[in-house]
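Chemist: The sequence isn't on hand, but the structure is:
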């Protein structure tokens, strides 16, 4: 593994050549920031802040065809997932989220669709220097320069970018760009550490998550759930835009004698999510749904995979139109008897 | 658990009506590949006995549970095939039709395009058929009574037949007397029997029949409900004469200050009446009526020192305080016999009807030759101040008939013969008269018509083939400019009197009846029958039947025949005492209904109401359909935001697959 | 010369007036283009405006809705509701940039076989001029 | 705005036996945020606020609250719900009454004449959100912002929300109690958002909306926040029949938005909540307002002004426009 420097004047060439490798990078599309394909010649600008739509959408598409079928035809047709991709500028929190979600998709059943995309993707992270208002990665085990889930970590050192190969896949990519890169010295690595500490210090909001996983089961009937969910609209913003949320629904779209089975994002905040055919709903109100969302991230996932399924990206707090603020909820959990 | 759909598709050749344009074999083959289709066949005439047998046998042998017939319009044969399904033990509503004749083979010439379209229509029908549900129609009691609108010969005859069958009839007539147009006629063609002599006994019968309740000088104001259960409101206009007191002595009319000063409608304005009048001597009921638009007392509030009629009436029957009265009743069937108006000849200014008093209409001629008419049956005309007997008389046929320029493309069917009759009567009354008939074609198609036409020609009446271009005055004479088209000779014919054989038109106020009963008009603007051949007395509105000239021009025997036919049809629900309620009505999914009441506000039949139900312990309002009132139009459903109200057989989930099939995303 | 585009038009006709009018065109052998395919409903008031959206999604290049003339509705008022609802939908479609020629609505009575032909010809010409619909057609999506 | 008066009124209401809670607003947890606030007892009113940040329409909670099955032998809680309404919000209450979505006897409407609300996103560029919640007040015609301890006068034009610029009914049109003096309605601004689209050619309009619809996440926040989208079983969630596939693509997204907008035609009271909550920034108000404009200009109808009025799509006039019909 190596640590290299990319002088900024080489940036256009670097991204230009990456563009030939099915490159995705943050871009504004109709006023919304998300990972978008980069074509040769496009300028890639990595500014502060995160995308509204997390990069999970590239590995776990909002709608994905599982297979196609037609009456009278033997078997089914599977989609081809065979194109390698490079994701550039992924924030450490979002990359950590991938590592967390990997656990689920590799669990008792290995999800071929997700894992294939994951395998084919090379993730180049970008360490944060200016955290957003609701960033709280450091409260949940991450940090502005966390490397989990990344193949390469990139740090803006001012004059140049530091690129650290973290995996074989990452290293192999760096090797391809040797002509543009220089070995990074110890000073660069030191500078990186310093920047990461500075960035961490700029994080404004935090919550002590220690003990939360253990406390949650005891708070099952606590009035706090009613309180924090009363304003909830039951929409899918917090879950769809959460980098670790991974629930999906499976539906068949049939037209006449042919169709496809596809899966699409689902949200535990929707009333239909747990609604039974009988009409019975074990999570009948937004209270139970909100409780489930927090429990899933901070308790069940911890039980199952040993890690909190929240990376502190702050999207849910930031985007909730009625100020249902995860950080505030966690604080209330902490404060509950 | 619903059974898996097994669809049979039957493509009809309709002789060559379909097969000449649509490749029925190709459509059949195509249908075999459609989802859930287990068999597809084609046959020369699906509606024939052997055709229906094919379907029935397949239902039994192949276990079909849905049937698609690709043939003519469902408006034509849906009942036929439904019955076939039923006879084979299948629910009749498991049928869907693809209209590949009226809306495909007959309207497209390109065989390839028509075949492709037929395939798509079949695909759409199959996609809907798969999702059809079994329906059962219910029966409700039918009111054992009928409403007859119009008391001309058609209305009278129908009323008598229904009443004779033992059912109550409400006979409503707009004018003060029954009798209608036939009462205005002198003799009838071709038999020359006296119109009044054969009509008046029926008029009296209708008035006296214990089962007939007669409303003259009355109009139907409102009709709601449905076959078997119509709710009717009739406005009895104020006559200002207490009919229970009036003896019909006529003393009032003699004294009326306006006596002899108002044109009498019955005499087509040739005679005069007063403000209080009996339309004609044989009027039934023989009760006087005050014309509220003319009567001095009613229009100005003052009539000399006091209305003279009040003074004159020995029975004290005059009642200026009388008001319109609304009478409501229920009937099981409605018969429309509102008759016709004659063509307004001022629309053909070249004939000078508006300019020359001696140009008259055929109906005016009837009054002129009638013994009960204003001249006592003497044919006299005015030449200036002078009253003379015309010696040169011309008839012009097809005035306002067979004439696109006035919007009447149709033949009025009676003018040829009434002209022949009137020509004969002229010759009878003025033997030395010269009588000419200008005609385009003579249509003498009825029983005894040709013989009669022959007879009047032998009587010396000259038929000249030609359509006059102009009539103008020369001295005391009227000059007809015309070309004899048989000899290609331009003529100028000087005459004393011109009789225009005006055609028959729909009543000018037919619109009111259309709106009242939801009737349609055919292109000639007469009321539209349900089927031109097979259901000539029915209408699109179940329980409403047509008789007489309101449906199209016809002579008296045809009118009477249709009236008897319509009466027989109307008697079906009455005699059965029950009517089937269409099963294709709206249904509410109470679990999803949010009780907003949009459907309640939309429903034109007040068939939906909000009811309170217990939903998991909460009392909530939901919509509920009264199936007897619902007509299945589905307007509620398109206005329901939660899709909770759906007309059976036309549900969203049945229509959306049709859209998919026609869109080609099958 | 390239072949003329043949648009696919889905029509919703009320049973009593327009469907009967189209049948009359048939019995009168009045010829018109085969591009039009009819779905029979009992009343134009039954036409949920979202049917139009759905038809465009599912492959129609144009949609035609036809009912009884005002005052002639077999169900008295259904066509008035249809008129109000479909006007709103028409406005909405135009506003998002769907060619207005893809949507036509007409009053055709049971006696107007000729008018039906004219209406069909207009709908077909309109949709032909607008070209194949590919704005939000389902099949446009590569699934 | 006299907050004490408001809190006093609220305290009076929530102290009543027959009142379940009062829905108002309280300061949010950070930045410009304000949170809908459910007050069950008089002590709760201390946190109640009404400020230029109270843009959300609380009427949606009248129908959003789930009706749980009532256990056998028990009675459902039928106590009244009180809520604070601005002019626009009050129209939603009226429209809900027209549609029988709520029961008049079960609602207490507290009207708040509204001088206009702030769209904080217009301010955030210049005065970024802070960890501590900011405060805002009306000051004359303008807004006073307390940002990082500093008092800043923000001119009305700089921060007034679009829906408020277009507002025709700043004073509540229905209320059981009113707090504050009626405001003088202002001349509604020209709807340049709708006008801009109308001025485009058809291909330009589609290019515009295709981009907008393409970025829709189908999170249903627009539907869920709408006070008038309250079907318990929305047709857009339904599978049989499927009006709109759940799949996420511009075809389904377009159908989704057309259906949503159409269902609100003649019902939308222009509170702008759908657009405000959209995480993708889709200008949904421009869809709704276009139809509202048609309904207003061509039918002379404005929904939500009369609780006894008729539902627009469930009524007609014989003389309704029909120039588009062949």
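Modeler: Received the coordinates, thanks. Treat the numbers as computed from the prediction; the structure is a model and nothing was measured.

Chemist: so what does the helix or strand residue D:195 falls within touch, helix or strand wise?
Modeler: Following DSSP states H and E, one finds residue D:195 within helix D:192-198. Helix D:192-198 sits against helix D:284-299, with contacts defined as 3 or more CB pairs under 8 Å, 6 or more residues apart in numbering or on different chains; DSSP states H and E. All C-beta atoms are positioned from the backbone trio N, CA, C, and that covers glycine.

Chemist: Is the helix it packs on in proximity to chain C?
Modeler: Yes. Shown here: helix D:284-299 in contact with chain C (CB under 8 Å from any CB of the partner chain) through D:287, D:290-291, D:294-295, D:298-299.

Chemist: Likewise for stretch A:22-39?
Modeler: No. Stretch A:22-39 stays clear of chain C (CB under 8 Å from any CB), getting no nearer than 14.8 Å.

Chemist: if we can go back for a sec, quick one: name whatever helix or strand follows the helix holding residue D:195.
Modeler: Next in sequence after helix D:192-198, counting helices and strands by DSSP H and E, comes helix D:202-214.

Chemist: what angle do that next one and helix D:284-299 make?
Modeler: 130 degrees (axes from the mean of the first three to the mean of the last three CA atoms, to 10 degrees).

Chemist: which strands and helices sit next to the helix or strand that helix D:202-214 is followed by?
Modeler: The helix or strand immediately downstream of helix D:202-214 is helix D:221-225, counting by DSSP H and E. On a contact count with 3+ CB pairs under 8 Å, 6+ apart, helix D:221-225 meets helix D:60-64, helix D:273-277.

Chemist: I'd like those helices written out as JSON lines, with mean neighbour count added.
Modeler: Shown next, in JSON lines, are those (neighbours: other CB atoms under 10 Å in any protein chain shown):
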{"stretch": "helix D:60-64", "mean neighbour count": "22"}
{"stretch": "helix D:273-277", "mean neighbour count": "24"}
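
Chemist: give the contact list for residue C:65.
Modeler: C:11-13, C:44, C:47, C:52, C:82, C:86, C:104-106 (CB atoms under 8 Å, 6 or more residues apart in numbering or on different chains).

Chemist: got the contact list for the helix holding residue D:195?
Modeler: C:95, D:162, D:205, D:208, D:283, D:285-286, D:289-290, D:293.

Chemist: what bits of the stretch 101-250 of chain A have low per-residue confidence?
Modeler: Filtered on pLDDT under 70, the stretch 101-250 of chain A yields no residues whatsoever.

Chemist: related to what we said a few turns ago, put the buried members of the residues of helix D:284-299 next to chain C into a PyMOL selection.
Modeler: Only the buried entries of the residues of helix D:284-299 next to chain C go into this PyMOL selection, using 16 or more other CB atoms under 10 Å in any protein chain shown:
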select buried, chain D and resi 287+290+291+294+295+299
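
Chemist: how close does the residue most central in space within chain A sit to residue B:656?
Modeler: With distances taken as CA atoms, centre = their mean, the residue of chain A nearest its centroid is residue A:243 (2.9 Å). According to CB to CB, to the nearest Å, residue A:243 and residue B:656 sit 37 Å apart.

Chemist: do the same with residue B:288
Modeler: For residue B:288, the distance to residue B:656 - CB to CB - is 65 Å.

Chemist: same thing with residue B:609?
Modeler: Applying CB to CB to residue B:609 and residue B:656 gives a distance of 29 Å.

Chemist: isn't residue B:172 right up against residue B:151?
Modeler: Yes. If you go by CB atoms under 8 Å, residue B:172 and residue B:151 touch, sitting 7.4 Å apart.

Chemist: For those two, indicate the residue with more neighbours.
Modeler: Neighbours were counted for residue B:172 and for residue B:151 using other CB atoms under 10 Å in any protein chain shown; residue B:151 has more, 31 against 26.

Chemist: if I pick that one, what's in contact with it?
Modeler: B:159, B:171-173, B:178-180, B:206, B:214, B:216, B:337.

Chemist: show me where the chain has helices.
Modeler: Looking at chain A here, since you left the chain open. Assigned helices in chain A, in chain order: A:11-19, A:56-59, A:92-105, A:112-120, A:168-176, A:186-202, A:212-215, A:224-229, A:237-240, A:286-295, A:301-305, A:315-319, A:326-335 (criterion: DSSP state H).

Chemist: please go with chain C instead
Modeler: Going by DSSP H, chain C shows helices at C:18-27, C:49-57, C:78-95, C:113-130.

Chemist: Could you figure out how far the shortest one is turned away from helix C:78-95?
Modeler: The directions of helix C:49-57 and helix C:78-95 differ by 40 degrees, with the same axes, to 10 degrees as the criterion.

Chemist: And the average pLDDT for helix C:49-57 is what?
Modeler: Mean pLDDT, helix C:49-57: 96.

Chemist: And for it, what's in contact with it?
Modeler: Applying CB under 8 Å, 6+ apart, the set of residues contacting helix C:49-57 from outside is B:638, B:655-656, B:659, B:662-663, C:10, C:12, C:63, C:65, C:85-86, C:88-89, C:93, C:98, C:102-103, C:133, C:135-138, D:243, D:251, D:254-255, D:258-259, D:262.

Chemist: about what we covered before: any idea how far the residue nearest to the centre of chain A is from residue A:54?
Modeler: Residue A:243 sits at a distance of 4 Å from residue A:54 (criterion: CB to CB).

Chemist: overlap in contacts of these two?
Modeler: A:94, A:97, A:313, A:315.

Chemist: Which among the helices and strands packed on helix D:221-225 is found nearest to residue B:395?
Modeler: When those are compared by CB to CB, helix D:273-277 sits nearest residue B:395, at 76.2 Å.

Chemist: quick check, the closest one touching chain A?
Modeler: Yes. Remark: helix D:273-277 sits within contact range of chain A at D:276-277, by CB under 8 Å from any CB.

Chemist: elements contacting that helix?
Modeler: Using 3+ CB pairs under 8 Å, 6+ apart: helix D:273-277 touches helix D:221-225, helix D:284-299.

Chemist: Run a quick neighbour tally on the closest residue to residue B:327 other than its chain neighbours.
Modeler: Leaving aside its sequence neighbours, residue B:327 sits nearest to residue B:234 (CB to CB, 6 or more residues apart in numbering or on different chains; 4.9 Å). Residue B:234: 22 surrounding residues under other CB under 10 Å.

Chemist: now swap in residue D:190 and tell me
Modeler: Residue D:190, neighbours per other CB under 10 Å, totals 10.

Chemist: hang on, the earlier thing: buried residues in the helix holding residue D:195, which are they?
Modeler: Of the residues in helix D:192-198, those buried by neighbour count under the rule 16+ other CB under 10 Å are D:193-194, D:197.

Chemist: what is the mean pLDDT for it?
Modeler: 95.

Chemist: That one: how far from the chain's middle?
Modeler: 21 Å (CA atoms, centre = their mean, to the nearest Å).

Chemist: picking that back up, filter the contacts of helix C:49-57 to the buried ones?
Modeler: Buried, going by 16+ other CB under 10 Å: B:638, B:655-656, B:659, B:662-663, C:10, C:12, C:63, C:65, C:85-86, C:88-89, C:93, C:98, C:102-103, C:133, C:135-138, D:243, D:251, D:254-255, D:258-259, D:262, out of the contacts of helix C:49-57.

Chemist: Among those residues, which are located in strands?
Modeler: C:10, C:12, C:63, C:65, C:103 (DSSP state E).

Chemist: what residues are up against the third one?
Modeler: When the contact criterion is CB under 8 Å, 6+ apart, the partners of residue C:63 are C:9-12, C:51-52, C:55-56, C:102-104.

Chemist: Kindly recompute the last result at 7 Å.
Modeler: Residues near residue C:63 by CB atoms under 7 Å, 6 or more residues apart in numbering or on different chains: C:9-10, C:52, C:55-56, C:102-103.

Chemist: repeat for the second one
Modeler: Contacts here follow CB under 7 Å, 6+ apart; on that basis residue C:12 touches C:39, C:41, C:47, C:51, C:65.
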